[in-house]
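> compute the structure for the input listed below.
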Amino acid sequence: GESVREAVVKSLGILVAFTDDINKFKQCWELLLTGLNDSSKLVTTTTHTVLLPALAAWAHELDKLESDIIIYFLKQLHICVKQVSLSEGESGATERCQQHIVTLTHLVPWHFASILLSGPYSDDSQDGEFHKLSFPRPYSRLLDIRVIIGDNSHLSALMSGLEREMSKDNIIKWSKLTWFYDECLASLLKSIETLGFTQRELLHTLSTLISEYCMYFGYLFTNKIIKPFFQSSLDVPGEKTVLAPSDTPLASTVFPVFVSGVLTCFKQDEPQLTSCLKDTIVDLSLSYTSLDSLKATIILLKRERKYHLLLVRILQELASHSAVQVRCCVATLLGLMISGVDEKLLNNHVIKTLLQLAADSEMSVKIHTVESLGVIMETISKREILNQVHKQFQSFADNIKYDFLLYETILHTLARIVHNVDPVFRDEFIIPLLAELSLQNNEAPNLTQRKDVAHMLLEAYRGVSGCFVSMELISEYIIPGLRALQEDFEVMDKNSVPAIKQLLQDSTNKLTNFQRQSGSDSMLKDQSLLSRFTTPKMSFSFKKKN
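Numbers count the residues shown, from 1 in each chain. Below you'll find the model as predicted:
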């Protein structure tokens, strides 16, 4: 059983601590890998917290920590990351990646100690007062840096020596520091670059690993070694945090890991964090580059509540930017700040800013708010907010005839959210609007747009069909809308007619069953199906608004 295997791992950890037969190292190493690959979480956790530090200590004595252990897990991580990126959802590959990152994170204290103990500085604390020692909370007693080094005074002296070295204008890198820079960081960067934006959990655990290194080495080391390494890979020279080519590395997966893994570690970096985010939002917006890296960055930062206000304030400030592209970008990014944010912050900042952008003089900015406003209707239950957004959607509907892209965006958004949306909004706005648009589409002069709209409406009606809707809505809006849609498809796309007929049949069956159960046939009279439907007031020629 797992308890027996856990006991074996603990016993092996103790034995390794007292073994000095170098010929047994390979055997212990193989047993470590077996423990890490165990199916039981209890066994893998014990392997990470007992056997791994014991073997790391022995490897450090033999000068094999970097060359044998850390490099192995770095290489295995990159192999797994390539498997994940080449075949999305490949069974077990993501889990193996996570395991290797967790193992590397547990090795950080020993790797830190190895570099610290090999530095070209004296163990004596010399002159000057050293700051109070502060390190990340260890995963186990055997991974506590104070236990690894031996005592606080020795550790304090070593940290003083490291800080003095990092304070020099020209740092002379020693062999283990060079290995950390050229091999460890370079290998991690290669894995980060290989990942896609959909692997958010892997990006998060990799940024956590980078943060561990920063927190152990401290602010000076991070600014002299780790931060410049990532800045150079992002083409960010020195304190300048942005360049502007359309294919900028700032649009890669490295950027979110750099921001969440390096710039969030120390309070002193908060101004740079703020300016970096602002500059990058502007840069990527103006160069019409993908916003995936910004979205991933916000999602990573949003995991910690303390960054919510900072993110919202940045977006709120940029909502008044003179460039239309920047305001469009802000409208999109604000959609990520709707769920999981404090209600006061949501009401006073996020929604207020979104509604401000929805009233923007530029149509493209309005269009970019539609999806974010749709998220509000999906996730928020407060009636006051829902009424505000409902009113904004009504305003969009009144202007829909002026812009086909607005038309498309609204239809796609409504089709996406109709399952989860507020029932009042669905019944009073979405369903009547779909019927109105369906009837209007019969008269659309542009046949290409007519066909495109018909397919979007079909998708929206498929969503509606899965919702509980009153018989009155079915008779007054859904059936007339579907019949109008059927007319379009019979002219332009006969392959879609069976789908429309099926939706019509399902709706009619619901009415028939209701009539049988209620003993009333008033809702099934033909004249009631269309005569009670309000004649649409809109005319869609998609001309530019004067």
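
> extract the C-alpha set from the helix or strand hosting residue 231 and format it as PDB.
In this structure, residue 231 is located in helix 227-233 according to DSSP states H and E. These are the backbone C-alpha positions of helix 227-233, laid out as PDB (Å, rounded to 0.1, in the frame of the first residue of the first chain):
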ATOM      1  CA  LYS A 227      16.000  40.600 -14.400                       C
ATOM      2  CA  PRO A 228      18.600  41.500 -17.100                       C
ATOM      3  CA  PHE A 229      18.500  38.000 -18.400                       C
ATOM      4  CA  PHE A 230      14.700  38.200 -19.100                       C
ATOM      5  CA  GLN A 231      14.900  41.800 -20.200                       C
ATOM      6  CA  SER A 232      17.500  40.800 -22.900                       C
ATOM      7  CA  SER A 233      15.300  37.900 -24.100                       C
END
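
> please state the offset of that helix from the chain centre?
22 Å (Cα atoms, centre = their mean, to the nearest Å).

> quick one: list the elements packing against that helix.
Contact here means 3 or more Cβ pairs under 8 Å, 6 or more residues apart in numbering; DSSP states H and E; on that basis helix 227-233 packs against helix 186-194, helix 254-261. From N, CA and C alone the C-beta is placed, and that goes for glycine too.

> residues making contact with the last one?
Translated: helix 254-261. 189, 192-193, 203-204, 206-211, 214, 230-231, 233-234, 249, 273, 276-277, 280, 293-294, 296-297, 299-301 (Cβ atoms under 8 Å, 6 or more residues apart in numbering).

> still on that earlier bit, what's the most buried one of the helices and strands packed on helix 227-233?
For those, the largest average neighbour count (mean count of other Cβ atoms under 10 Å) is found in helix 254-261, namely a mean of 26.

> number of residues surrounding residue 65?
Here the neighbour count serves as a burial measure; for residue 65 (other Cβ atoms under 10 Å) it reads 22.

> and for the one 5 residues further on?
The local packing of residue 70 (other Cβ under 10 Å) involves 25 other residues.

> distance of it from residue 104?
Note on residue 70: its distance to residue 104, by Cβ to Cβ, to the nearest Å, is 7 Å.

> swap in residue 227?
For residue 227, the distance to residue 104 under the criterion Cβ to Cβ works out to 20 Å.

> more neighbours, these two?
Neighbours around residue 227 and residue 104, counted as other Cβ under 10 Å, are more numerous at residue 104. The numbers are 24 against 20.

> I figured the more buried one hits residue 76, correct?
No. Using Cβ atoms under 8 Å, residue 104 is not in contact with residue 76; the gap is 9.7 Å.

> filter the contacts of helix 254-261 down to the buried ones.
Among the contacts of helix 254-261, the ones that count as buried by 16 or more other Cβ atoms under 10 Å are 189, 192, 203-204, 206-211, 214, 230-231, 233-234, 249, 273, 276-277, 280, 293-294, 296-297, 299-301.

> so which of the residues you listed belong to helices?
Counting by DSSP state H, the buried ones among the contacts of helix 254-261 place 189, 192, 203-204, 206-211, 214, 230-231, 233, 273, 276-277, 280, 293-294, 296-297, 299-301 in helices.

> residue 447 - nearest residue in space that isn't next to it in sequence?
In this structure, residue 447 finds its nearest non-sequential neighbour in residue 492, 6.8 Å apart by Cβ to Cβ, 6 or more residues apart in numbering.

> and if you look at residue 212?
Nearest residue to residue 212 in three dimensions, chain neighbours excluded: residue 108, at 4.5 Å (Cβ to Cβ, 6+ apart).

> where does the protein dip in pLDDT?
Under the criterion of pLDDT under 70, the regions of the chain flagged as low confidence span 88-91, 122-132, 236-247, 519-546.

> for the top helix by length along it, packing partners?
Among the elements of the chain assigned as helix by DSSP H, the one spanning the most residues is helix 93-117. Contacts of helix 93-117 with other secondary structure elements, assessed using 3+ Cβ pairs under 8 Å, 6+ apart, are made with helix 52-61, helix 71-86, helix 145-149, helix 152-167, helix 175-179, helix 200-217.

> could you give the angle of the fourth one to helix 200-217?
An angle of 100 degrees separates the directions of helix 152-167 and helix 200-217 when computed by axes from the mean of the first three to the mean of the last three Cα atoms, to 10 degrees.

> list the contacts for the nearest residue to residue 40 once chain neighbours are set aside?
Once its chain neighbours are removed from consideration, residue 40 has its nearest residue in residue 2; the separation is 3.9 Å (Cβ to Cβ, 6+ apart). Neighbour list for residue 2: 38, 40, 42-43 [criterion: Cβ under 8 Å, 6+ apart].

> am I right that residue 388 is in contact with residue 356?
No. Residue 388 is not in contact with residue 356 according to Cβ under 8 Å; the separation is 11.9 Å.

> please tell me how far residue 112 sits from residue 294.
The spacing between residue 112 and residue 294, counted by Cβ to Cβ, is 32 Å.

> now do the same end-to-end measure for stretch 456-473.
Between the opening and closing residues of stretch 456-473 we find a distance of 20 Å, counting by Cα to Cα, to the nearest Å.

> other residues contacting it?
Surrounding stretch 456-473, the residues in contact under the criterion Cβ under 8 Å, 6+ apart are 408, 411-412, 414-416, 418-419, 426-427, 430-431, 434, 437-438, 441, 478, 481-482, 485, 489, 496, 499-500, 503, 506-507, 510-511, 514, 523.

> drop anything exposed from those.
Buried members of the contacts of stretch 456-473, scored by 16+ other Cβ under 10 Å, are 408, 411-412, 414-416, 418, 426-427, 430-431, 434, 437-438, 441, 478, 481-482, 485, 489, 496, 500, 503, 507, 510-511, 514, 523.

> what about the residues you listed, which are in helices?
408, 411-412, 414-416, 431, 434, 437-438, 441, 481-482, 485, 489, 500, 503, 507, 510-511, 514.

> just among the contacts of residue 2, which is most surrounded?
Of all the contacts of residue 2, residue 43 has the most neighbours under the rule other Cβ under 10 Å, reaching 23 neighbours.

> just give the nearest non-adjacent residue to that one, would you?
Counting by Cβ to Cβ, 6+ apart, the nearest residue to residue 43 once its immediate chain neighbours are dropped is residue 5, at 4.9 Å.
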